[in-house]
Every structure is written in structure tokens, then in C-alpha cells.
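Peer 1: return a 3D structure for these sequence lines:
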Amino acid sequence: MARRLFLFDDPDRFVAGTVGTPGQRSFYLQARKAGSVVTVAVEKTQVAVLADRLGDLLDSIQPQTAAAAGPDGSDHRPLDEPVVEAFRVGAMALAWDAGAQAVVVEAQPLDDDAEYREVADDDPEGPDLLRVRLTPDDARAFVSRSLDVVGAGRPPCPFCGMPLEPTGHFCLRSNGRLN
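Peer 2: Numbering: from 1, shown residues only. Okay, the predicted model is just below:
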């Protein structure tokens, strides 16, 4: 199968989102520009780590300003439908393009070594690739929304920190009782 490149420079939208109910959610990254939408599946922890590292990168490049990702500019809309998974992300890379003053996020599919492979764009042999270039303000908005998405799951148990099910859960810290 031919390699697929999904390149989004200054997309109209780049978000992390979910489908499903807390405890049963599937996580996705979705990029849109004009009429093109690409969705890739990720794990909740990948979204959390990407948001954390992206925030650190932005803080080292440009201190956060009050105008970035304010409540009036936040994107809380659901993912664009239909949600069609192009691939499941196995490895990601994050970089700062000083010439373009942009953050670059790259995602590649899951493979045997689960390592990011740098391959020239014109190389037909290599993993599929989603590459998104964002302005610092758009990247901060992505971080804000991603943290909200990750935090919107099941509440943690006050004793053990594990997610609480609506029916309770077996908590080792409360002597094995259901809470």
C-alpha cells in the first residue's frame, strides 16, 4: 500500500476529541483545512503527554499571554463527522520551526518498534504521516482543549486515584470495600 501523507500547514482546526461515554471513550486527533479532514486514533495518555510537552515547548519559546486560548476563543465543539480513523498513532514528534514561527506536530502509525521514523516526504517507502503546523496561539488553544478533554473522564477515587465507575469500584486503599 502506498504511503499516505496528511499535511496541514496552518489548519482551520486541530483538536483532540473523543467519541463515547467516560470509561468507554475513544480518543482522536483531528485536523481540518478547507474541505479536508483527517482523524487519527490516539490513547488518552498520548493526548495528555502531547498537551504537556507542547505547553512546555511553548513556555520555552514564548511565555504565555493572557490573550492565548481565552474562554471566548476556545473550541469546545465535537469532532467533525464522520469520524473515520486514518490510522492508530504509535509515535509522535514535536518541534519548533523557528523560520516559520510555528509548532510542528507529527504522528505516525503503530508499528513493530513503536519508534518515530524520520523519512523524507517524497520517499514512497515509509510510514503514513500526519503533520500539522500551528501558530503559537493555535497550539495554546490545542493544549487548553486537550487538557479539558483528558480531564472530562470519570472522577478519581479520593482514596486510590483510580477512576470511579457509576457502580463503584474495588478500592484497595479502603480495605477492599466497594466505594
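
Peer 1: any chance you could map the helices in this structure?
Peer 2: Along the chain, counting by DSSP state H, helices occupy 44-61, 136-151.

Peer 1: what's the most buried one of those?
Peer 2: helix 136-151 (a mean of 20; mean count of other CB atoms under 10 Å). (C-beta placed from N, C-alpha, C; glycine too.)

Peer 1: just to revisit the earlier point, in CSV: the helices of the chain, plus mean pLDDT and distance to residue 128.
Peer 2: Below are the helices of the chain laid out as CSV (pLDDT from 0 to 100; distance: least, CB to CB, whole Å):
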stretch, mean pLDDT, distance to residue 128
helix 44-61, 95, 16
helix 136-151, 94, 21
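
Peer 1: turn those helices into TSV, including distance to residue 107.
Peer 2: Shown next, in TSV, are the helices of the chain (distance: least, CB to CB, whole Å):
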stretch	distance to residue 107
helix 44-61	9
helix 136-151	13
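
Peer 1: tell me the contacts of the most centrally placed residue in the chain?
Peer 2: For the chain, the residue sitting closest to the mean C-alpha position, by CA atoms, centre = their mean, is residue 47 at 3.8 Å. When contacts are counted by CB atoms under 8 Å, 6 or more residues apart in numbering, residue 47 touches 16, 27, 29, 146, 149, 150.

Peer 1: ok, and the closest non-adjacent residue to it?
Peer 2: Spatial nearest neighbour of residue 47, excluding adjacent residues (CB to CB, 6 or more residues apart in numbering): residue 16 at 4.6 Å.

Peer 1: mind listing the strands the longest strand anywhere in the chain pairs with, and their directions?
Peer 2: Using DSSP state E, we find that the single longest strand of the chain is strand 85-97. Using DSSP bridges, strand 85-97 pairs in its sheet with strand 36-42 (parallel), strand 102-109 (antiparallel).

Peer 1: closest to residue 166 out of these?
Peer 2: Residue 166 lies closest to strand 36-42 among those, at 25.3 Å (CB to CB).
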